[in-house]
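Colleague: Pasted the sequence and its predicted model underneath.
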Amino acid sequence: MSNKLLNKNIKFALSTHITTILNSMIVGLFLPKVLSVISFGYWQYFMFFASCLELLLLGAATGIYLKYGGKNYKNIDYDLVKTVFIISFLFEIIISVILYYLFYLKEVDYNKMYIWGFLLIGVFVINTGTFFSYLLQATNRIKENCISIFLLNIIIISLFIFMIIIQISMYYYYIAVFLFAHFIRTIVLIIYNIDVFKGKIKKIEIKRYINILKSGLYLLLADYSIILLFGIGRLFIEQSWGIEEFSKFSFSMSLVLLGVNFVNQIGLVLFPVLKKDYSSNFVNMYNKLNLNVNILLLLLPLGYFIIVWILSKWLPQYKISLFYLGILMPLAIFEAKMVLIINPFYKATRKERILLLINLTFCILGCISFFLLRIYSFNILYYLYDFLLLSFFRNFLGEFCLSKILNIRFDKVFWLLRIGMILFFLYLLNFNIIEGILIYIFVCIILIFSIRKIKYNF
């Protein structure tokens, strides 16, 4: 595989991700226009748990992803993949039914009961697609995976726009459309991997199956521990201040993660290429990517001023969310760096256990801090700063450990520059929009030229 193929795959990913961005914009910017703040909160509640459904695969999909990363689809063991899929599917049925029954015994909020019913359907619809999407990514069939994502987004975009135009204000209709779109995508993904279903279900050694789940579970928990961290924090907010405040806080968090998700697709494309072609050249590639990506991420906070100017007029009922967004904006820099650079290099060097340890450590620290904040009844601003500090130190530790793995110098000067820029951005929140944009652009230009001149690993 050559640089030309890498560039081609990245172009496919970026082209498809345009529809993902449009999808996110419609959900994030237009859906709140027709749904009440409370209804939008229930939509966000569903989306959080839907994003965590992959955990019920118990690492099967990510285990296959790691096992066959960089290999040709025709050379994989179809029997093994089919067997792992069927076993995992049966486990999902058992676990999801038990969880739903336990929730049914406890929950009294009928809206949440509806949501958990939808989630029970989503376990099979979404997770089946997730499993075969990982197989496409591992075998570097990026085009096929992008087509499935494109189809998913087009269905959601078109039907959501139609329902928004006719002013449908019940959130559960949008959930039904969301699941329908994933059902269609899953059918397409199964067709792309139809050879797997021609394989035979065979007895495999328990040790072999556990090894696949074990390696996959490390990567899965490494990725989802942070999703859980942010999600658990939001659930603490919901429990303390109710679904309406949860809705407003989730709205600001979704805008932050919109920027993070934009670069995540490139990170997914990068891993198979790193594993196959660049094992002897990790250091040079890391230094080059690190420099260019961090300069790009430096400009990310500029989007805040534009977003505030637009949304303050479009969604005035979410004015407080825009205030939250300003404090959380530096978090986008840290998380984008993790998904685009740090995570792929940990995976390619098969150091996912270290990544898991880092993420789980901060997930546990986050849960403890959230619990203390609730016990002592601190206001919601403390949750914002808690999110920011947890993300900052996780990013710092992740990059520090990676520098040791790759045996390169950890640039302390760069981190001082990053801290300075973040503090400077938070200071600019006191200025009006025009002044903030002009001052930040001026400082960024000076800093970018300085960084390129002295060749910091920024």
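Modeller: Thanks, I have it. Numbers count the residues shown, from 1 in each chain.
Colleague: contacts, neighbours, all on C-alpha from now
Modeller: Fine.
Colleague: what's the next secondary structure element after whichever helix or strand Leu220 is part of?
Modeller: Element membership of Leu220 [criterion: DSSP states H and E] is helix 206-277. The first helix or strand that comes after helix 206-277 along the chain, using DSSP H and E, is helix 282-298.
Colleague: which other helices and strands contact whichever helix or strand Asn153 is part of?
Modeller: Asn153 belongs to helix 142-165 when assigned by DSSP H and E. With contacts defined as 3 or more C-alpha pairs under 8 Å, 6 or more residues apart in numbering; DSSP states H and E, helix 142-165 has these neighbours: helix 3-25, helix 110-138, helix 171-192.
Colleague: who touches that helix?
Modeller: 9, 12-13, 16-17, 19-20, 22-23, 26, 30-31, 34, 133, 136-137, 174, 177-178, 181-182, 184-185, 188-189, 192, 269 (C-alpha atoms under 8 Å, 6 or more residues apart in numbering).
Colleague: Among these, name the buried ones.
Modeller: 9, 12-13, 16-17, 19-20, 23, 26, 30-31, 34, 133, 136-137, 174, 177-178, 181-182, 184-185, 188-189, 192, 269 (16 or more other C-alpha atoms under 10 Å).
Colleague: Skipping adjacent residues, who's closest to Ile184 in space?
Modeller: Leu152 (7.3 Å; C-alpha to C-alpha, 6 or more residues apart in numbering).
Colleague: just to revisit the earlier point, can you list the helices and strands packed on helix 142-165 in a markdown table and add mean pLDDT and distance to Ile64?
Modeller: Shown next, in a markdown table, are those (pLDDT from 0 to 100; distance: least, C-alpha to C-alpha, whole Å):
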| stretch | mean pLDDT | distance to Ile64 |
| --- | --- | --- |
| helix 3-25 | 70 | 21 |
| helix 110-138 | 91 | 7 |
| helix 171-192 | 96 | 15 |
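Colleague: Which one of those lies nearest to Trp43?
Modeller: Proximity to Trp43 (C-alpha to C-alpha) singles out helix 171-192 among the helices and strands packed on helix 142-165, at 6.1 Å.
Colleague: right, and the helix or strand after that closest one?
Modeller: helix 194-197.
Colleague: how much space between Gln58 and Leu220?
Modeller: I think there's a mix-up here, since residue 58 is Leu and not Gln. Here the criterion is C-alpha to C-alpha, to the nearest Å. By it, Leu58 lies 8 Å from Leu220.
Colleague: And those two? Which one has more around it.
Modeller: Higher neighbour count among Leu58 and Leu220: Leu220, with 23 against 19, using other C-alpha atoms under 10 Å.
Colleague: Spit out the contact partners of the more buried one.
Modeller: With C-alpha under 8 Å, 6+ apart, Leu220 has these contacts: 55, 58-59, 62.
Colleague: got it, and Thr62?
Modeller: Contacts of Thr62 were listed using C-alpha under 8 Å, 6+ apart, and they are 131, 134, 215-217, 219-220.
Colleague: mind running it again at 10 Å?
Modeller: The neighbours of Thr62, taking C-alpha atoms under 10 Å, 6 or more residues apart in numbering as the test, are 54, 68-69, 130-131, 134-135, 138, 212-220.
Colleague: Equivalent analysis for Lys203, please.
Modeller: By C-alpha under 10 Å, 6+ apart, the residues touching Lys203 are 79-80, 83, 209.
Colleague: rerun that using 8 Å as the cut-off
Modeller: Contacts of Lys203 (C-alpha under 8 Å, 6+ apart): none.
Colleague: Please shift the residue numbers so they start at 5 in all later answers.
Modeller: Okay, using 5 as the starting number, the last item reads as Lys207.
Colleague: just for the stretch 355-462 of the chain, where's the confidence low?
Modeller: Judged by pLDDT under 70, the stretch 355-462 of the chain has its weakly predicted residues at 415, 417-418, 421, 425, 452, 454-462.
Colleague: about what we covered before: just the CA atoms of the helix holding Asn157, as CSV, please.
Modeller: C-alpha atoms of helix 146-169 as CSV (Å, rounded to 0.1, in the frame of the first residue of the first chain):
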residue,chain,number,x,y,z
ILE,A,146,-12.7,2.2,3.2
LYS,A,147,-14.8,2.9,0.1
GLU,A,148,-17.4,0.3,1.0
ASN,A,149,-17.5,1.5,4.6
CYS,A,150,-17.9,5.1,3.5
ILE,A,151,-20.8,4.1,1.2
SER,A,152,-22.7,2.5,4.1
ILE,A,153,-22.1,5.6,6.2
PHE,A,154,-23.2,7.8,3.3
LEU,A,155,-26.4,5.8,2.9
LEU,A,156,-27.1,6.0,6.7
ASN,A,157,-26.6,9.8,6.7
ILE,A,158,-28.7,10.4,3.6
ILE,A,159,-31.7,8.5,5.0
ILE,A,160,-31.5,10.3,8.3
ILE,A,161,-30.9,13.7,6.7
SER,A,162,-33.8,13.4,4.2
LEU,A,163,-36.4,12.0,6.6
PHE,A,164,-35.4,14.3,9.5
ILE,A,165,-35.7,17.4,7.2
PHE,A,166,-39.1,16.2,6.0
MET,A,167,-40.3,15.7,9.6
ILE,A,168,-38.9,19.0,10.7
ILE,A,169,-40.6,20.8,7.8
